[in-house]
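Q: pasting the sequence and the predicted coordinates here, then a few questions.
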Amino acid sequence: MFRRPLEFLNSLPAQGDLVEIRLGPQRAWMVCHPELVHRMLRDTRTFDKGGPQYERLRALMGDGVVTCPHAEHRRQRRLLQPTFRPSGVAAQTDVMAEEAESLCRDWRSGQQVDVSAATLRLTTRLISRLLLSDSLGPAAADEVRHCLAAIVRGLFVRTVVPVDALFRLPTPANRRYRRAVERVRELIDAAIAERRRGAPRDDLLGLLLTAAEDGGAPVTDREVHDQLVSLLLTGSESPSMCLASTFSLLAQHPEVERRLHAEVDTVLAGRLPGVDDLPRLVYTRAVLTETLRHSPPGWLFTRVTTREAELAGRRLPRGTTVLYSPYLLHHDPASFPEPDRFLPERWLDGEAAAGPHGALIPFAAGNRKCIGDLFSMAEMTVALATVAGRWRLRHPAGRVAPPRPGATLGPRSLTMICTSRADAPVGTAPQAVALTPGAATAASGVEKSRRDGDNGVDHA
């Protein structure tokens, strides 16, 4: 699990629908069938967020909406939901395009670009603007980005080797992790303090502070802090990993890249994307959805049983750790033929292509589905269309490194060479490289949610 996690996961479905594994000294169960995963995710009262992963995350994020127990979730979700409704996401589209254009404005043909750092800088900036407006300035956002890199390196090992004593040792890695966690908390506290001294803003922090001052819902200062830390970290890391994986995969699949460029050129004709363009960027969304299937950033999750439960004919005692893996489900050939191939065309037939039993779950499912799924799909669609309309990215010569599993899955030090599409003759193919073995669309999700989400349905 620790040394070769992806190969290990792919080997499990042959062992059954529910497979016993060990995480360090602890016994745990991996759910390998999508129907069982959905049953578990729908029963959040029995299969609550917990286990070694969420114990570590709570130490970092507190009890915000990402990590809170079942009993607290509905209240928190309803409090935060207005920020992530389709109307709120649509209002951010121009900001997304401006930030994406700014990201690649200074690139030069032939330049080597740190794509991993660039995508993380973009997503950190976008989620911080949604949550905090400009209360987290560029310098602070960059500092959060550097801290996040140290945090995600430490979280995975703390999940698969849940032995607390190891992480109390004063090793350099443990010290880096603790310093990064403390610094993120300090930066968020400073942003909250600055906002309390200034004018109200129409963002998520403003919503939380208003709720705390109204005295209605029991919103404490600690909850304000925990919600911001939770959403800032998760809203930066996962979409960044997806975008970096997308650019890497496009460089390895020239025909997919050509089709993407053709759609972007036709729909946008050189301008920045707006909210009305999103439904027309059909193939662009298919590329992102296939990336989420092929290389899901959230690839492994834990739950814990709050009472005795039955799953796949087996009795699980209270306190049992249960795991599920989107990567495992997405790479099971029973759901997705030729799972290691990158085929955006899978998604051009709509949601029916999601595989038997809803095997595609990049944002989880049930009432704890990612609250920012619509925002993430919109920002990634806008960012991909903006960059692809201007630049072609290719790998330097040599072997392409496979994705690196950590707290999330994706390339963490991806360097690529950019070429201005304005400088390349029409129809020029990018350099092809040897391959290493190895979501529902934004617009339809926004439209469906516009029909029910703005009428109070807790859909995200």
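A: Perfect, I can see it now.
Q: give the contact list for the nearest residue to residue 316 once chain neighbours are set aside.
A: When the adjacent residues along the chain are set aside, residue 316 lies closest to residue 309, with 4.8 Å between them (Cβ to Cβ, 6 or more residues apart in numbering). Using the backbone N, CA and C atoms, a C-beta is placed for each residue, glycine as well. Listed by Cβ atoms under 8 Å, 6 or more residues apart in numbering, the contact set of residue 309 reads 43, 46, 47, 315, 316, 320.
Q: residue 173 now?
A: Contacts of residue 173 were listed using Cβ under 8 Å, 6+ apart, and they are 153, 154.
Q: one step back: now the residue nearest to residue 316. Its backbone dihedrals?
A: Residue 309 adopts backbone torsions of phi -140, psi 160, taken as degrees, to the nearest 10.
Q: name the member of the contacts of residue 309 with the most neighbours.
A: Using other Cβ atoms under 10 Å as the contact criterion, the top neighbour count among those goes to residue 47, which has 29 neighbours.
Q: kindly state the beta-bridge partners for that one.
A: Here residue 47 sits in beta bridges with residue 305, as judged by DSSP bridges.
Q: relative to residue 399, how far out is it?
A: The span separating residue 47 from residue 399 equals 40 Å under the rule Cβ to Cβ, to the nearest Å.
Q: low pLDDT regions in the stretch 51-200 of the chain?
A: Within the stretch 51-200 of the chain, the set of residues satisfying pLDDT under 70 comprises 159-162.
Q: and if we set it to 90?
A: Counting by pLDDT under 90, the stretch 51-200 of the chain has low-confidence residues at 51-62, 134-142, 144-178, 181, 196-200.
Q: all helices of it, in order?
A: 51-61, 70-80, 86-91, 93-104, 115-132, 138-160, 164-168, 172-197 (DSSP state H, counting those that start in this stretch).
Q: closest to residue 203 out of the ones you listed?
A: helix 115-132 (6.1 Å; Cβ to Cβ).
Q: next, the buried residues of the longest helix along the chain.
A: Looking only at the chain and at elements set by DSSP state H, the helix with the highest residue count is helix 221-252. Of the residues in helix 221-252, 223-252 count as buried by neighbour count, 16 or more other Cβ atoms under 10 Å.
Q: hmm, residue 348 is touching residue 282, no?
A: Yes. Here residue 348 lies in contact with residue 282, judged by Cβ atoms under 8 Å, at a distance of 7.1 Å.
Q: so for these two, which residue has more residues nearby?
A: Set side by side, residue 348 and residue 282 show more neighbours around residue 282, with 16 against 13, by other Cβ under 10 Å.
Q: ok, now how distant is residue 361 from residue 249?
A: Using Cβ to Cβ, we find residue 361 at a distance of 20 Å from residue 249.
Q: still on that earlier bit, widest-spaced pair of the contacts of residue 309?
A: When those are compared pair by pair using Cβ to Cβ, the farthest-apart members prove to be 43 and 315, with a separation of 15.1 Å.
Q: go ahead and flag the most central residue of this protein.
A: For the chain, residue 238 is the residue whose C-alpha lies nearest the centre (Cα atoms, centre = their mean; 2.6 Å).
Q: on contacts alone, who are the packing partners of the strand or helix carrying residue 385?
A: Element membership of residue 385 [criterion: DSSP states H and E] is helix 373-388. If contacts are counted by 3 or more Cβ pairs under 8 Å, 6 or more residues apart in numbering; DSSP states H and E, helix 373-388 sits against helix 86-91, helix 93-104, helix 115-132, helix 221-252, helix 254-268, helix 282-294, helix 442-452.
Q: helix 373-388 and the second one, what's the angle between them?
A: In this case it means helix 93-104. Here helix 93-104 runs at 40 degrees with respect to helix 373-388, directions being taken by axes from the mean of the first three to the mean of the last three Cα atoms, to 10 degrees.
Q: what residues sit buried inside helix 93-104?
A: Under the neighbour-count criterion of 16+ other Cβ under 10 Å, helix 93-104 has 93, 96, 97, 99, 100, 101, 103, 104 buried.
Q: contacts for it, please.
A: With Cβ under 8 Å, 6+ apart as the test, helix 93-104 has contacts from 118, 121-122, 125-126, 129, 272-275, 278, 378-379, 382-383, 386-387, 390-391, 418.
Q: do that again at 7 Å, thanks
A: Among residues not part of helix 93-104, those counted as contacts by Cβ atoms under 7 Å, 6 or more residues apart in numbering are 118, 121-122, 125-126, 129, 272-275, 378-379, 382-383, 386-387, 390-391.
Q: quick one: that helix to chain centroid distance?
A: 19 Å (Cα atoms, centre = their mean, to the nearest Å).
Q: residue 28: how many residues sit nearby?
A: If we define neighbours as other Cβ under 10 Å, then residue 28 has 20 of them.
Q: let me fix that, I meant to ask about residue 400.
A: Based on other Cβ under 10 Å, the number of other residues close to residue 400 is 16.
Q: excluding chain neighbours, give the residue nearest to residue 300 in space.
A: The spatially closest residue to residue 300, leaving aside those adjacent along the chain, is residue 325, at 4.9 Å (Cβ to Cβ, 6+ apart).
Q: which of the contacts of helix 93-104 are buried, as a ChimeraX select command?
A: Those of those that count as buried under 16+ other Cβ under 10 Å are selected in ChimeraX with:
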select :118,121,122,125,126,129,272,273,275,378,379,382,383,386,387,390,391
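Q: quick one, what contacts the closest residue in space to residue 121 that isn't next to it in sequence?
A: Of all residues not flanking residue 121 in the chain, residue 145 sits nearest, at 5.9 Å (Cβ to Cβ, 6+ apart). Applying Cβ under 7 Å, 6+ apart to residue 145 gives the contacts 120, 121, 124.
Q: from residue 130, how far off is residue 145?
A: Relative to residue 130, residue 145 is positioned 16 Å away (Cβ to Cβ).
Q: can you show me the strands along the stretch 301-450 of the chain?
A: 301-305, 309-311, 314-316, 321-324, 391-394, 404-405, 409-410, 415-420 (DSSP state E, counting those that start in this stretch).
Q: and the angle from the helix holding residue 385 to helix 221-252?
A: Taking the same axes, to 10 degrees, one finds helix 373-388 and helix 221-252 inclined to each other by 40 degrees.
Q: would JSON lines of the helices and strands packed on helix 373-388 with distance to residue 208 be doable?
A: Listed next are the helices and strands packed on helix 373-388 as JSON lines, based on distance: least, Cβ to Cβ, whole Å:
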{"stretch": "helix 86-91", "distance to residue 208": "15"}
{"stretch": "helix 93-104", "distance to residue 208": "20"}
{"stretch": "helix 115-132", "distance to residue 208": "9"}
{"stretch": "helix 221-252", "distance to residue 208": "5"}
{"stretch": "helix 254-268", "distance to residue 208": "36"}
{"stretch": "helix 282-294", "distance to residue 208": "29"}
{"stretch": "helix 442-452", "distance to residue 208": "22"}
